[in-house]
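Undergrad: how does the following fold in three dimensions:
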Amino acid sequence: MELQRETEQLKQIIEERHKLFINSEGPVDKTDRELFERVKEETKPMFDLNNSWLENAEVFVKNRHTSVHPNQVKSTHENIEMIILHSYYLDVHRKRFKELYQSVHYVLDMILDDINKNQEV
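TA: Alright, predicted model coming up:
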């Protein structure tokens, strides 16, 4: 199932972004054009995956018996975008980043659980 694959990939990306954030010294110069171009290039596949996940997750939540609310899907999509960007620019407190990270994992895990339950039926 496409949504399951995308959800697992997003969990992996979030893990990588978390490690990058934790192990980096910040913040960086936001006016650095070279960094901006590198971030833009590196994040495009992540944002594309996140957008595709949003579409598939919204359909899944709307059409199936699930414990995830549609607003949680939208919020998770936005939180993933913030995690991706904050992992490069390091412009948020560690506590806030960790809250975003935990929130995203919580919803992604709930979706994976719901996918597995629906496959068993």
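
Undergrad: can you name every helix or strand that the one helix or strand residue 60 maps to contacts?
TA: Under the criterion of DSSP states H and E, residue 60 resides in helix 33-63. Contacts defined by 3 or more CB pairs under 8 Å, 6 or more residues apart in numbering; DSSP states H and E place helix 33-63 against helix 2-22, helix 70-89, helix 94-120. All C-beta atoms are positioned from the backbone trio N, CA, C, and that covers glycine.

Undergrad: and those: which comes nearest residue 48?
TA: Residue 48 sits nearest to helix 2-22 of all the helices and strands packed on helix 33-63, at 10.4 Å, using CB to CB.

Undergrad: so which bits of the closest one are buried?
TA: For helix 2-22, a neighbour-count test (16 or more other CB atoms under 10 Å) marks 3, 6-7, 9-10, 13-14, 17-18, 21 as buried.

Undergrad: residue ranges with poor pLDDT in the protein?
TA: Counting by pLDDT under 70, the chain shows low-confidence ranges at 26-27, 121.

Undergrad: contact partners for the residue nearest the centre of it?
TA: Centroid-nearest residue in the chain: residue 80, 2.9 Å away (criterion: CA atoms, centre = their mean). Neighbour list for residue 80: 10, 13-14, 50, 104 [criterion: CB atoms under 8 Å, 6 or more residues apart in numbering].

Undergrad: just residue 110 next, same as before
TA: Residue 110 makes contacts with 66-68, 72, as judged by CB under 8 Å, 6+ apart.
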